[in-house]
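*Asks:* quick one: sequence and predicted model below, then my questions.
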Amino acid sequence: MFTIKKKFYFSASHIIEGLPDSHPCSRLHGHNYIVELILAAELLDQTGFVVDYGDLRSFKAIIDNELDHRHLNEIIPGPTSAENLAYYLFQRAKAIWPQTVAVCVSETPTTWAEYRP
Ligand SMILES: [Zn+2]
């Protein structure tokens, strides 16, 4: 199995609904998010790629145009946790590249959430 990964960056605000007022994530705040897109294939294409990294610019366009400097609660269906954001972005990527195997989302230097079916 061949696997490739590419990182993407954006900044956005959110509120996690349903938490007690004492929880910091219940208040309006923002993150400098890192998204890692992971694709895999048993066989390489004719040029030796899983997917050309250059083709992933359409995933960057989704992030830049739909998420960057936005309020995620107005965009993401359901909770705006890193876990659900990873699920949302996985669905978007999988619709374009069947080779998509996982999406990871980081909100802080020490935390990552991953969605992998
Ligand atoms: Zn947060």
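*Replies:* Arrived safely. Nothing here was measured: the structure is a model prediction, and the numbers come from that model.
*Asks:* how far away is the residue lying farthest from the centre of the chain from Thr80?
*Replies:* For the chain, the largest distance from the centre (CA atoms, centre = their mean) belongs to Gln46, which lies 28.1 Å off. Computed as CB to CB, to the nearest Å, the Gln46 to Thr80 distance reads 40 Å. Where C-beta positions appear, they are placed from N, C-alpha and C, glycine not excepted.
*Asks:* returning to that earlier point: report the secondary structure state of the residue farthest from the centre of the chain.
*Replies:* Gln46 falls in the coil class when you classify it by DSSP: H, G, I helix; E, B strand; the rest coil.
*Asks:* next, the contact list for it, please.
*Replies:* Listed by CB atoms under 8 Å, 6 or more residues apart in numbering, Gln46 has no contact partners.
*Asks:* please begin residue numbering at 39 from this point
*Replies:* Fine by me, first position is 39 from now on; the one you just mentioned is Gln84.
*Asks:* avg pLDDT for the helix or strand containing Ala124?
*Replies:* Under the criterion DSSP states H and E, the helix or strand holding Ala124 is helix 120-134. With pLDDT averaged residue by residue, helix 120-134 scores 98.
*Asks:* in that helix, what counts as buried?
*Replies:* 120, 122-128, 130-131 (16 or more other CB atoms under 10 Å).
*Asks:* same check, this time on stretch 71-83
*Replies:* 71-77, 79.
*Asks:* strands of this protein, start to end?
*Replies:* Remark: strands assigned in the chain by DSSP state E are 40-52, 67-79, 138-146, 149-153.
*Asks:* these: which one's closest to Ala99?
*Replies:* When the strands of the chain are compared by CB to CB, strand 40-52 sits nearest Ala99, at 10.2 Å.
*Asks:* buried ones in the closest one?
*Replies:* 42, 46, 48, 50, 52.
*Asks:* number of nearby residues for Asp93?
*Replies:* By other CB atoms under 10 Å, the residues close to Asp93 number 12.
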